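Peer 1: Return a 3D structure for these sequence lines:
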Amino acid sequence: MRQRSHTGRLLALPLALLLLAGCASSPLAGKRADEAAVETLYRHNVAARYNFSGESRITSLQLPGKQRAELQALVQTLAGSFRLQYAGAVDLTQQRVELIPTLRFTRPHAEAWLRFPLLLQLDTLTLYVDGSAMSLLLPSLENKLVKFQLPEEKARQLPVSAVLAELPDIVRRVYAAVERQAYSFQPLTAADAQQGVAYRIRLSLDPAAGRLLSQRMATELLDSIKRHGASAEVQEVATGLLKLAEADPLQLRSESQTDLLVNRQGKLLALEESRTLSTPGEQGVSVGMLTQLNMSNEGKPVFTLQPSAANVVDYKDVSLPEWLKPSPPADEESEADAADDAGALPDDASVPAAEAPPAPAVKSAPSHKAARSTSKKARKPLLPPAK
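Peer 2: Residues are numbered from 1 along each chain as shown. Below you'll find the model as predicted:
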């Protein structure tokens, strides 16, 4: 009996050491919440090869002004019936991003949805759009990808590859600049344990902190564009967009709470975010949204859209049916009608002026007095008056 007990302890010791080694091997072990979050986001953008799926939905909606309770409830119910679902793939080593958004409306015994799959090839700045959703109006687009490509000389002005190479470091700098207090570890749920989640890291941003993070991200991207020799035109446009974002003409307030669900290897498994967007004042609008995003197939993304010579059509080659072609403006139609009227001459106007016969001589009209005298003579009776 003692021999078996001693043997059991000998077997348990290596197993415990193995478990401890597994815990210690985690790249997030011993890190603060802010350090763990920044490290996770950095690693996620370095790998940048995965599939994703999720949805966003409206959880609350406040209309401007004072509304009746019935109307507010109706709007709330209607807004809550819409969901934006999305799936896709990311492979930044191939500079390719696929997004398949689906806008879905769901009510009891009623459902409708619209889907527009997209594929963006970043190195050539080419966008492919699955035209099947429009095939009812344009039958030629059935199972076709419509291609929109930036001219090559314009694409060369954008250092896309260089900026993407710097993206992990940009993300690290931007999120490391957020105050430590904004990050916190959260307790795991039962569902987290089933999905292999080892860390739930929360980032809470008030409107001021959220605006600052967005501005830092935009500034970092602009600096990267400038460093890698973007054309003056591109730099001017980027600078204008940055100034517009900083001015914030809508005075949009964004308050968010984002949870990163991370496994023991430091890989981002999922993301859960609640966000409130609002504008100030009595006429302000407030919208609450909830987003859930799951990652899968890390390192081996699967793309749905596969462009080829057989299934790609350039947008310039898409022909519209006659009933869909735009009619000319009203002023152009009136000008065309006026031109037609001017070109249609009457029959007597077809004779040239040089060949027209000379006009007969016209006697001059009698004077006013002569006309009165003639008139009186005309009224003189022919017979003498009776006696």
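Peer 1: Write down the beta-bridge partners of the residue nearest the centre of the chain, one by one.
Peer 2: Against the mean C-alpha coordinate of the chain, by CA atoms, centre = their mean, the closest residue is residue 101 at 10.6 Å. Per DSSP bridges, the residues bridged to residue 101 are residue 86.
Peer 1: Quick one: residues contacting it.
Peer 2: 84, 85, 86, 115, 116, 118 (CB atoms under 8 Å, 6 or more residues apart in numbering). No exception for glycine: its C-beta is placed from N, CA and C like everyone else's.
Peer 1: From residue 85, how far out is it?
Peer 2: In this view, residue 101 and residue 85 are 7 Å apart by CB to CB, to the nearest Å.
Peer 1: What of residue 204?
Peer 2: On the measure of CB to CB, residue 204 and residue 85 end up 26 Å apart.
Peer 1: List the buried residues in the strand of greatest length in the chain.
Peer 2: In terms of residue count, the longest strand belonging to the chain (DSSP state E) is strand 49-62. Across strand 49-62, burial judged by 16 or more other CB atoms under 10 Å covers 49, 50, 51, 52, 54, 55, 56, 57, 58, 61.
Peer 1: can you check stretch 280-293 too?
Peer 2: Those would be 288, 289, 291, 293, for stretch 280-293 by 16+ other CB under 10 Å.
Peer 1: next one: stretch 32-51
Peer 2: Buried, per 16+ other CB under 10 Å, within stretch 32-51: 33-34, 36-45, 47-51.
Peer 1: now it: mean pLDDT?
Peer 2: Averaging pLDDT along stretch 32-51 gives 95.
Peer 1: outside of it, which residues touch it?
Peer 2: Residues contacting stretch 32-51 (CB under 8 Å, 6+ apart): 27-28, 31, 87-93, 167-169, 171-172, 175-176, 178, 180, 182-185, 199, 201-203, 260, 262, 266-268, 295-302.
Peer 1: So what are the sheet partners of the longest strand of the chain and their directions?
Peer 2: Strand 49-62 has its sheet partners listed here by DSSP bridges as strand 82-91 (antiparallel), strand 286-296 (antiparallel).
Peer 1: Adding mean pLDDT, write those out as JSON lines.
Peer 2: Formatted as JSON lines, the entries for those read as follows, by pLDDT from 0 to 100:
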{"stretch": "strand 82-91", "mean pLDDT": "95"}
{"stretch": "strand 286-296", "mean pLDDT": "94"}
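Peer 1: all strands for the protein, in order.
Peer 2: 49-62, 82-91, 96-107, 110-115, 118-121, 126-130, 145-149, 183-186, 199-205, 253-262, 268-278, 286-296, 312-314.
Peer 1: Redo those as a markdown table? Include distance to residue 325.
Peer 2: Listed next are those as a markdown table, based on distance: least, CB to CB, whole Å:
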| stretch | distance to residue 325 |
| --- | --- |
| strand 49-62 | 37 |
| strand 82-91 | 32 |
| strand 96-107 | 28 |
| strand 110-115 | 24 |
| strand 118-121 | 26 |
| strand 126-130 | 21 |
| strand 145-149 | 18 |
| strand 183-186 | 57 |
| strand 199-205 | 49 |
| strand 253-262 | 43 |
| strand 268-278 | 40 |
| strand 286-296 | 39 |
| strand 312-314 | 18 |
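Peer 1: Figure out which of those strands is closest to residue 159.
Peer 2: Among these, strand 118-121 comes nearest to residue 159, with 15.8 Å by CB to CB.
Peer 1: Can you tell me, leaving aside adjacent residues, what's nearest to residue 135?
Peer 2: Using CB to CB, 6 or more residues apart in numbering and skipping the chain neighbours, the partner closest in space to residue 135 is residue 142 (4.1 Å).
Peer 1: Identify the residues contacting the one you found.
Peer 2: 131, 132, 135.
Peer 1: Just confirm the last one contacts residue 146, I think it does.
Peer 2: The one in question is residue 135. No - Residue 135 lies out of contact with residue 146 (CB atoms under 8 Å); the separation is 11.2 Å.
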